[in-house]
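K.L.:
Next comes the sequence, and after it the predicted model I'd like to discuss.
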Amino acid sequence: MDKKKFQQFKKMMRFVATMLIVVLTTSVFIYFWKNNYNIGIVFPFYYKGYWLMGAFYIFFFVLFIYIYGGMSYGYLKNTNIIFSQILSLLCANVLIYLETVLLSAKFVDVFPIIEMTCMQGIIITVYSFCMDKLFKKLFPPHKITVLYQSYDPSEMLRKVKMRQDRYRIKEVVSVDKEWSEIVRIIDNSQAIMIYDIHSELRNKIVKYCYEKDVRLYVTPKISDVLLRSSENIHLFDTPLLLLRNSGMSFEDRFLKRLMDIIVSLLVIVVTSPIMLIIAIAIKAYDRGPVFFKQKRCTLDGKVFEIHKFRSMIVDAEKEGISVPASEKDPRITPIGNIIRATRLDELPQIFDILSGNMSLVGPRPERIEHVEKYTKNIPEFAYRLKVKGGLTGYAQIFGKYNTTAYDKLKLDLMYIQNYSILLDIKLILMTIKIIFMKESTEGFDEKQINEIQTREK
């Protein structure tokens, strides 16, 4: 079969692979639940009653697999798949244990759940490695040709090379040449990646690739992100795209604020012992202040003071000059290394959320001088201020600490333009996964610190 046509079965194979692991883990669950918990509930299940518990388990497991991306075989790295599925497994097992406690009207022995989780974890790990081998054999990396114009593509190429399991760069070509030559390059390519090409030429390339069935990757512009969230309007025989550009509705703002209050209060209650331990450790280390405070911008440019646990030495930024944290930054204290890696330094911002200065989910509040600098280079950077700044969000989850301001802006606009309370809940749950992923806290290297470039065509 033609490899290009074979690609159409990839999504179906992902679905089948996911359902198989769901069946395997659910079978283990039913075995353990039947033999350890069923007899202890108030009204024990018989015969088909086991299927009801199995259905609940499947619902929980599939829900979290979807949220954490555990079904993305052949897309995410294998380690990411395993981590996502085991995290989904833990969430499902905790919920099913609580459900069993309710059915039993008492706390039940947790050891069988722990034993079951270990067995399921082994099955997931072995199964994922097998699926990874299968998908790599059936769907080898795409050989891509990168087309660029005015801007140096080296940073983008660095990112692409980090995913050798998905992409292999065939060649890198400037499009400052005749159209006939560009056509020849496209015709001889398995896939094309467009990196920051001006709109007129980019549109021609997009249409030609569509006509010739050539796989195409495009780095979006700000206008592309806005248009993706538009609504189709059919008032007459000419299609229209509607962008309301009015921000969140009253109902959305009310529900978002209500969720902020409820969740922040719960987090404060649960994490107060952890925050106390961190505060004592920071104070004991160098007798400096426990909290780091800094003025940040939020909704409509309002300035507020953000609070974090101090992770650097006192006076890390002398004379108020901003210096981004680099890998193995000597200014970061030993305690700071731990709380930064686990994101625990962000916990005091729960009080900023409760007070209304921040939200649980939204664009990261930036320093005043950064907003002024970035807005000067990218006027659209001010679009981030259409919603309240957040503790977590699209850019924090899908970006990294050292993601450029331009890319962070596009990620934040994807959130703003597609906002819903369900999206907020999904991003909050995804944050749990990101906390344990080291690459998301990757610092700036020497070049990035000296050259923080921002731009828009």
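P.N.:
Right, received. Where do you want to start?
K.L.:
for V62, what are its contacts?
P.N.:
Going by Cβ atoms under 8 Å, 6 or more residues apart in numbering, V62 touches 18, 22. (C-beta placed from N, C-alpha, C; glycine too.)
K.L.:
pLDDT value on it, please?
P.N.:
pLDDT recorded at V62 is 94.
K.L.:
element containing it?
P.N.:
helix 49-68 (DSSP states H and E).
K.L.:
Next, the buried residues of that helix.
P.N.:
Neighbour counts over helix 49-68 (16 or more other Cβ atoms under 10 Å) mark 53-54, 57-58, 60-62, 64-65, 67-68 as buried.
K.L.:
Now the helix or strand following it: buried residues?
P.N.:
For helix 49-68, the following helix or strand on the C-terminal side (DSSP H and E) is helix 78-104. Using 16+ other Cβ under 10 Å as the test for burial, helix 78-104 gives 78, 80-89, 91-93, 95-97, 100, 103.
K.L.:
One more: stretch 147-154?
P.N.:
Neighbour-count burial for stretch 147-154 [16+ other Cβ under 10 Å]: 147-149, 153.
K.L.:
Quick one: those as TSV, columns for secondary structure too.
P.N.:
Compiled in TSV, the buried residues of stretch 147-154 are given as follows (DSSP: H, G, I helix; E, B strand; the rest coil):
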residue	secondary structure
L147	strand
Y148	strand
Q149	coil
P153	coil
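K.L.:
correct me, but E99 touches Y57?
P.N.:
No - in this structure, E99 is not within contact of Y57 by Cβ atoms under 8 Å, at 9.1 Å.
K.L.:
ok, which stretches of the stretch 301-450 of the chain are helices?
P.N.:
Counting by DSSP state H, counting those that start in this stretch, the segments of the stretch 301-450 of the chain that form helices are 334-341, 349-355, 368-377, 394-398, 405-417, 421-435, 446-450.
K.L.:
Between those helices, which one is closest to R14.
P.N.:
helix 421-435 (18.7 Å; Cβ to Cβ).
K.L.:
mean confidence for the closest one?
P.N.:
Mean predicted lDDT for helix 421-435 stands at 89.
K.L.:
Give me the distance from the biggest helix by length in the chain to the chain's centre.
P.N.:
Counting residues, the longest helix in the chain under DSSP state H turns out to be helix 250-286. On the basis of Cα atoms, centre = their mean, to the nearest Å, helix 250-286 sits 21 Å off its chain's mean C-alpha point.
K.L.:
Sort out which residues of that helix are buried, please.
P.N.:
Result for helix 250-286 [16+ other Cβ under 10 Å]: buried residues 256, 259-260, 263-264, 267, 275, 278-279, 281-282.
K.L.:
That one vs helix 334-341, what angle?
P.N.:
Counting by axes from the mean of the first three to the mean of the last three Cα atoms, to 10 degrees, helix 250-286 lies at 160 degrees to helix 334-341.
K.L.:
just checking, what packs against helix 250-286?
P.N.:
Applying 3 or more Cβ pairs under 8 Å, 6 or more residues apart in numbering; DSSP states H and E, we find helix 250-286 packed against strand 303-309, helix 334-341, helix 349-355, strand 359-361, helix 421-435.
K.L.:
can you rerun that using 6 Å?
P.N.:
Helices and strands touching helix 250-286, by 3 or more Cβ pairs under 6 Å, 6 or more residues apart in numbering; DSSP states H and E, are helix 334-341, helix 349-355, strand 359-361.
K.L.:
residue ranges with poor pLDDT in the stretch 301-450 of the chain?
P.N.:
Along the stretch 301-450 of the chain, the parts satisfying pLDDT under 70 run over 316-328, 401, 438-450.
K.L.:
and what of the stretch 151-300 of the chain?
P.N.:
Residues of the stretch 151-300 of the chain meeting the criterion pLDDT under 70: none.
K.L.:
mind listing the helices for it?
P.N.:
Taking DSSP H, counting those that start in this stretch as the test, the helices found in the stretch 151-300 of the chain are 154-161, 179-187, 199-211, 222-228, 250-286.
K.L.:
Tell me which of these sits nearest to G390.
P.N.:
helix 250-286 (9.3 Å).
K.L.:
Can you tell me which of the buried residues of stretch 147-154 comes closest to W179?
P.N.:
Of those, the one sitting nearest to W179 (Cβ to Cβ) turns out to be L147, at 12.4 Å.
K.L.:
mind checking how far that closest one is from L201?
P.N.:
Using Cβ to Cβ, to the nearest Å, L147 is found at 9 Å from L201.
K.L.:
now swap in R310 and tell me
P.N.:
According to Cβ to Cβ, R310 stands 50 Å off from L201.
K.L.:
Kindly report the same for Y374.
P.N.:
27 Å.
K.L.:
Name the residue in these two with the higher neighbour count.
P.N.:
Y374 (23 against 16; other Cβ atoms under 10 Å).
K.L.:
what number of residues lie near Y394?
P.N.:
Y394 has 24 neighbours, counted by other Cβ under 10 Å.
K.L.:
which one is it nearest to, not counting chain neighbours?
P.N.:
Spatial nearest neighbour of Y394, chain neighbours left out: Y415 (3.9 Å); criterion: Cβ to Cβ, 6 or more residues apart in numbering.
K.L.:
Tell me how many other residues crowd that neighbour.
P.N.:
Using other Cβ under 10 Å, Y415 has 22 other residues around it.
K.L.:
Does it touch T392 like I think?
P.N.:
No - assessed by Cβ atoms under 6 Å, Y415 is found out of contact with T392, at 10.3 Å.
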